[in-house]
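Engineer: Predicted model follows, preceded by the sequence.
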Amino acid sequence: ESKAGGRGRVTVFDEEMLSDKRYRRLVERELRAAVYLGELELHYQPIVDTDGSVDALEGLIRWRHPVRSLISPAEFIPIAERSTLIDMIGEWVFKRACADIGHFPGRRISINVSGEQLKRDEIVTMCDRVLRETGRSASQFIIEITETVATAATPEVLRRIEALRGLGFHIALDDFGTGHCGFNYLKSLPIDSVKIDRSYISSLAHDQVAQIFVSALAQIARIQDITIVAEGVETAAEFTLAKTAGCGRFQGYFFGRPAPRDKASALCATAHEPLALTA
Ligand code: C2E
Ligand code: MG
Ligand code: MG
Ligand code: MG
């Protein structure tokens with residue numbers, strides 16, 4: 001979490017200094033080098049079924065900086081998004097996921113694609129090329145696009161999302177409820193699942209409006225054949241409430257934190273009983 005996240009963690013890159021072109025160039029140069037130096041890592045967090053079994057894993061990027069330690073994506077993705085550096089990182093992420101998916105037999109991997117990447121045709125050609133290079137099938141992957149990208153989507157962006165879906169990727173609408181996405185978007189957007197933002201899940205226990213919002217979303221989604229994923233499930237009570245409200249998939253610290261590939265894969269392999277019971 002960044003300073004804005006209010007978790008009391010120190011921000012690595014000074015936001016004010018980032019408005020200075022020279023400082024930004026410096027960080028960009030470091031980030032570009034990080035790709036070549038192998039300092040980027042893709043961690044994985046389980047996404048589970050109603051019975052707690054692992055259905056998929058979300059790949060979440062980290063930068064293992066030699067001096068600044070493990071840097072959160074919230075800090076460096078926005079910097080990368082200011083240039084085509086995000087395309088390079090996006091390609092690294094998808095290649096990593098294609099290489100790692102063999103360690104998660106029977107599971108899919110969900111990756112985050114930036115709205116900036118969707119502004120260029122490169123996203124479609126890159127995904128198609130990497131699939132052919134690695135011999136993977138698009139149906140093994142989910143592409144997450146944030147709600148704000150979807151609501152501001154130009155016809156070109158929509159065409160690219162449809163092209164990715166045409167390749168066989170599942171499309172998920174990420175962070176639903178944080179932007180201005182109305183329920184009517186669910187009908188028009190080419191999506192397979194919707195991830196409800198953590199703020200709604202943590203409110204379920206005490207906020208009737210959140211309960212009604214999630215239930216209504218789940219009912220509409222059922223008609224549209226869209227799966228609802230509850231993000232940020234931290235307690236057994238939140239799991240129960242989200243399930244009752246009609247969510248079909250669940251992700252959060254209650255089931256497992258994002259972890260390096262081998263740790264995440266061991267967790268999947270040993271989870272014979274529902275993960276929720278062993279968490
Ligand atoms: P996101 O896609 O919404 O990912 C979920 C975030 O919530 C992750 O933060 C995850 O660690 C965190 N989280 C999961 N369960 C819980 C929980 O129970 N409680 C709390 N408090 N948090 C939980 P993370 O890994 O710091 O990633 C932040 C954001 O950075 C992501 O949000 C995504 O928008 C972006 N991001 C991460 N990896 C990539 C990537 O490879 N490419 C791009 N373009 N963006 C990425
Ligand atoms: Mg995501
Ligand atoms: Mg999310
Ligand atoms: Mg989120």
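Structural biologist: Done, it's in. Ligands and ions are numbered 1, 2, ... in the order given.
Engineer: Next, find the distance separating the residue nearest to Ala99 when sequence neighbours are not counted from Ala218.
Structural biologist: When the adjacent residues along the chain are set aside, Ala99 lies closest to Thr134, with 7.0 Å between them (Cβ to Cβ, 6 or more residues apart in numbering). The C-beta positions use only the backbone N, C-alpha and C, and glycine is treated the same way. Applying Cβ to Cβ, to the nearest Å, the value for Thr134 to Ala218 is 35 Å.
Engineer: if you count what's nearby, which of these two comes out ahead?
Structural biologist: Neighbours per residue, other Cβ atoms under 10 Å: of Thr134 and Ala218, the larger number sits with Ala218, 21 against 15.
Engineer: Check which helix or strand that one maps to.
Structural biologist: helix 208-224 (DSSP states H and E).
Engineer: picking up where we left off before, what does the model give the residue nearest to Ala99 for pLDDT?
Structural biologist: Thr134 carries a pLDDT value of 98.
Engineer: Distance check, it against Ala80.
Structural biologist: With distances taken as Cβ to Cβ, Thr134 is found 23 Å from Ala80.
Engineer: if we can go back for a sec, ok, residues contacting the helix holding Ala218?
Structural biologist: Residues outside helix 208-224 that contact it (Cβ atoms under 8 Å, 6 or more residues apart in numbering) are 176-177, 183, 186-187, 194, 196, 200-201, 203-204, 227-228, 230, 241-242, 245-248.
Engineer: Could you pick out the buried ones from the residues you listed?
Structural biologist: Among the contacts of helix 208-224, those scoring as buried are 176-177, 186, 194, 196, 200-201, 203-204, 227-228, 230, 241-242, 245-248 (criterion: 16 or more other Cβ atoms under 10 Å).
Engineer: can you tell me which of these are in helices?
Structural biologist: In this view, these that belong to helices under DSSP state H are 186, 200-201, 203, 241-242, 245.
Engineer: Need the max-distance pair from the residues you listed.
Structural biologist: The most widely separated members of those, counting by Cβ to Cβ, are Leu186 and Leu241 (21.7 Å).
Engineer: ok, Gly168 - how many residues close by?
Structural biologist: By the measure other Cβ under 10 Å, the count of residues near Gly168 is 13.
Engineer: ok, now which ones touch it?
Structural biologist: By Cβ under 8 Å, 6+ apart, the residues touching Gly168 are 137-139.
Engineer: Show the residue spans covered by the strands in this structure.
Structural biologist: Assigned by DSSP state E, the strands in the chain fall at 40-48, 54-65, 69-71, 108-112, 141-146, 170-176, 193-196, 227-230, 249-251.
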